[in-house]
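Q: A predicted structure for the sequence below; I have some questions about it.
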Amino acid sequence: PASLTTIGDWVFDSPNIKQISLGKNIKSIGEAAFIMCENLSEIIYSGTREAWRAIKLGEDWSSRRVSLIKCSDGNIDLNAPPESDGSQGLVYLLSKDKKSASLVGIGTCTDKNIVVASTYNGVPVIAIAEGAFKDNQNITGIHIPATVTALNGVFYNCQNIVSLTVDPDHPSFYSAGNCIIDKQSKTVLVGCNNSVIPNDGSILRIGMSSFDGCNGITELVIPDGVLIIYDYAFDNCINLRSVKLPDSLTKINSAFNGCTSLENVELPSKMEWVGGFSGCTSLKNITLPKTASLSTGAFKGCTALEQITVPSGTKSLVSTFEGCTSLESVILPSTLTVIGESAFAGCTSLESITIPADVTEIGENAFKNCSKLSSVTFSGTTEEWKSIFKAVNWNEKTAFGTVRCSNGDAIPGPESDGSNGLELIFDSKNQ
């Protein structure tokens, strides 16, 4: 009947049905509704083709012999290749409700300049899946249609992309300097080896993974006005040697990890948060803002880093300088309260350090394998040293046997019985 709106699961079980007519009010057809109708090859639908595509279709809803849907304004051939208006051969995936599609892979497409379709099989393409073009070295250009609203990590390690463009009618994105930019948040979403970030004050943020793996970038100028560089923005740009950051910058998240050619960085004085230089194995010198905080693992594995002054905004260190095998000089701020897990683990060139009096906790493996560390000074008294919580193995495989305090020397602790805060204290002045 014309009033029918729903056909449930496994409804029809007749091999004699060859044709069926459906009214335009149908909203859903359930799982395997016609699958047992072995001779059903044609469905007549009184609505339009667009209305048919809006119907919610269950898994294996039809007989495998159904090849044609006859609609009021034309036919839908179920065996025809899916329709798209972009580069041919790209792989698209329909959403579960079949009302939109996503580009998920390169497929058989050999185009160097990829045009992402705005429609696929009659529905809008709204997203490009993460990793859709990962590691593709054939692509030199990408054009994004006005329908796509989701981009995240889609061009990782596509080393030959030099052109990024967006449909001028896109409601949310635009392209400038071979960057794809979000209009509302003023964030660079995607860049490439040939990008020049606009310096007209229109950019406030560099987005997550926006330049991740762009090995063609050797010099980087972040324009004035940028406030934040988000996680992984320039990770693994292995040929990046020079970075110029603006005075407006207040925060770097995990942004430059694995930039193995980066040697020197000068950070703006107003920065509040610094992170994301782990694995920068060529980094020898970095000037940190006086009041900034350092993130977990900020300089982990920076094997060429020789000296550092930790800024006063830093209250705790966790894996911050782990594996910095060339680190010889460290100045800790009086504001530091926690030397956390693995903070200086594996700093095999570190010979001495002064621990501030306000430190209340030293974490597990904090100085583990600092094999040359022979001199540790604590700015507080022996009683204050005694009160510090010290995790097991905090000083494993180090070269010092006592800690010099303001009023004498103390055994590093904790003691062998595992009791927290129990120390053997003696006054070196009376020896």
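A: Good, I have the coordinates. Numbers count the residues shown, from 1 in each chain.
Q: Next up, the contacts around the nearest residue to L336 once chain neighbours are set aside.
A: Take L336 and drop its neighbours on the chain: the residue closest to it by CB to CB, 6 or more residues apart in numbering is P356, 5.1 Å away. The way it works is simple: take the backbone N, C-alpha and C, and place the C-beta from them, glycine included. P356 sits next to L332, P333, S334, T335, L336, S379 when contact means CB atoms under 8 Å, 6 or more residues apart in numbering.
Q: okay, now the last one: neighbour count?
A: When neighbours are counted by other CB atoms under 10 Å, S379 registers 17.
Q: for the first one, same thing?
A: Other residues near L332 come to 20 when the count uses other CB under 10 Å.
Q: Quick check: it touching V310?
A: Yes - between L332 and V310 a contact is recorded at 5.3 Å, counting by CB atoms under 8 Å.
Q: so where is the stretch 1-150 of the chain shaky, pLDDT-wise?
A: With pLDDT under 70 as the threshold, the stretch 1-150 of the chain has low-confidence stretches at 64, 79-85.
Q: Spell out the residue ranges of the helices in it.
A: In the stretch 1-150 of the chain, the segments counted as helices under DSSP state H, counting those that start in this stretch are 49-53.
Q: For it, just list every one of the strands.
A: In the stretch 1-150 of the chain, the strands defined using DSSP state E, counting those that start in this stretch lie at 6-7, 19-22, 28-29, 42-45, 56-57, 68-71, 74-77, 91-94, 101-105, 113-115, 119-120, 123-128, 141-144, 150-151.
Q: Residues in contact with the first one: which ones?
A: In other words, strand 6-7. The list of residues contacting strand 6-7 from outside it, by CB under 8 Å, 6+ apart, reads I26, K27, S28, I29, G30, A33.
Q: Please tell me how far the closest residue to the fifth one other than its chain neighbours sits from G58.
A: When you say that, I think you mean G30. With sequence-adjacent residues excluded and distances taken as CB to CB, 6+ apart, G30 is closest to D9, at 3.8 Å. For D9, the distance to G58 equals 6 Å [CB to CB, to the nearest Å].
Q: quick one: common contacting residues for these two?
A: Common contacts of D9 and G58 (CB under 8 Å, 6+ apart): G30, E31, A32, A33.
Q: tell me the contacts of the second one?
A: Right, the one you point to is E31. D9, W10, G58, E59, D60, W61.
Q: Report the buried members of the shared contacts of D9 and G58.
A: Buried residues within the shared contacts of D9 and G58, defined by neighbour count using 16 or more other CB atoms under 10 Å: G30, A32, A33.
Q: Please report the distance of the last one from K70.
A: Distance, A33 to K70, by CB to CB: 18 Å.
Q: again, but for the second one
A: Applying CB to CB, the value for A32 to K70 is 22 Å.
Q: which residues in the stretch 251-400 of the chain form helices?
A: Counting by DSSP H, counting those that start in this stretch, the stretch 251-400 of the chain has these helices, from start to end: 382-387.
Q: which residues in it form strands?
A: In the stretch 251-400 of the chain, the strands defined using DSSP E, counting those that start in this stretch lie at 251-252, 264-266, 273-274, 285-287, 293-294, 307-309, 316-317, 329-331, 338-339, 352-355, 361-362, 375-378, 389-390.
Q: any idea which of those is most buried?
A: The highest mean neighbour count among these, using mean count of other CB atoms under 10 Å, belongs to strand 251-252: a mean of 24.
Q: I'd like the average pLDDT over it.
A: Across strand 251-252, pLDDT averages out at 90.
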